[in-house]
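Undergrad: Here's my sequence, what's the structure:
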Amino acid sequence: MEAVVAIVALIFVLFVALGVYATVKAVGAAKRGVDRTVEQARRTVEDHTLRAKTFAQPGSQGQLAQLRLSLRTSMRATQDALQAGVSEDESLKESLALFDRLSAHGHELDGELKRLQREPDRARLAERLPALRDRTEQITKSADALRWAARDRAQRFGDDDLDSLSTQIGMEAGALRHWEAEPSPTPKAEPSPARVTKPAAAPSSPPWPEAPSAAADQQTWPENSESRRAEEPTRPAIDAPKQRAAYPWEKKPRPESTT
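TA: As a prediction, this is how the structure comes out:
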């Protein structure tokens, strides 16, 4: 009985622990989702604010806002392109690692530009602005190079796959139209009437003389028929029975007794 209670208690503890773990995971996922949503909203608001300052504040403040906006836009687009492509192309992991190193410089520059927006000394700000512009252009060009290289690579793979697919479809279409590949039977050339030569006639053998009929024999040569009949011996009307030759070893037949 104690063993059953212990097993039931253990199962209950396991269910409680599993429930707590699932709750923590759900809360953490919800918190990350909320943080992501808040971060995206904050970045959207900040981007719109920078765009508004670009047009509303002339001079050094407006130029700083323009530099921050171009830097953030380029870095965010490159990050999205690399993270989307690394799931399909493993070779982009190295590019993503290089981008992470570039992002460190980008975040440092963005923080410096953000602090300089609150700088009251406009003369000092104007002196540092060319160097800040050069750093921004250098970082954005590197980010753009990575982004466009990843896009060109994906497009090249897509074009190669499309070419291979087109070749396979062409081969399959040719196999389906197999009757077009078979050579059509060529009609036999008929001889031209002018070139047709008749075979030479074989020399005919001399005709055999017909056998003379009996009437013609009697009409033409009557003397021959009469002489032929005279030469033939006369045959008796009834043939006499032929006697069989007797051999010396045969016995003579005995006469039949009448008694």
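Undergrad: Listing request: residues of the stretch 151-259 of the chain with sub-threshold pLDDT.
TA: Within the stretch 151-259 of the chain, the set of residues satisfying pLDDT under 70 comprises 180-259.
Undergrad: Tell me where this protein has helices.
TA: Across the chain, reading from the start of the chain, the helices by DSSP state H fall at 2-56, 60-85, 92-116, 122-176, 178-181, 214-220, 222-231.
Undergrad: Would you mind finding the most buried of the ones you listed?
TA: Of all the helices of the chain, helix 60-85 has the most neighbours on average by mean count of other C-beta atoms under 10 Å, namely a mean of 19. Where C-beta positions appear, they are placed from N, C-alpha and C, glycine not excepted.
Undergrad: angle of it against helix 2-56?
TA: 140 degrees (axes from the mean of the first three to the mean of the last three C-alpha atoms, to 10 degrees).
Undergrad: now for helix 60-85, which elements pack on it?
TA: helix 2-56, helix 92-116, helix 122-176 (3 or more C-beta pairs under 8 Å, 6 or more residues apart in numbering; DSSP states H and E).
Undergrad: Mean pLDDT lowest where, among the helices of the chain?
TA: Lowest mean pLDDT of the helices of the chain: helix 214-220, a mean of 46.
Undergrad: Give me the residues contacting stretch 154-167.
TA: Around stretch 154-167, the neighbours that count as contacts under C-beta atoms under 8 Å, 6 or more residues apart in numbering are 85, 88-89.
Undergrad: brain fart, stretch 112-121
TA: 61, 64-65, 67-68, 71, 125, 128, 132, 136.
Undergrad: Swap in 6 Å and give it another go.
TA: With contacts defined as C-beta atoms under 6 Å, 6 or more residues apart in numbering, stretch 112-121 is touched by 64, 67-68, 125.
Undergrad: Dump the helices and strands packed on helix 60-85 into CSV; add distance to residue 75 as well.
TA: Shown next, in CSV, are those (distance: least, C-beta to C-beta, whole Å):
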stretch, distance to residue 75
helix 2-56, 11
helix 92-116, 5
helix 122-176, 5
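Undergrad: Tell me which of those helices sits nearest to residue 78.
TA: Closest to residue 78 of the helices and strands packed on helix 60-85, according to C-beta to C-beta: helix 122-176, at 4.1 Å.
Undergrad: Ramachandran coordinates for residue 177?
TA: Backbone torsions of residue 177, given as degrees, to the nearest 10, read phi -100, psi 50.
Undergrad: That one: how many residues sit nearby?
TA: 9 (other C-beta atoms under 10 Å).
Undergrad: and it, how far is that from residue 171?
TA: 11 Å (C-beta to C-beta, to the nearest Å).
Undergrad: hmm, which two among the contacts of stretch 112-121 are most spread apart?
TA: Maximum distance among those (C-beta to C-beta): 13.7 Å, for 68 and 125.
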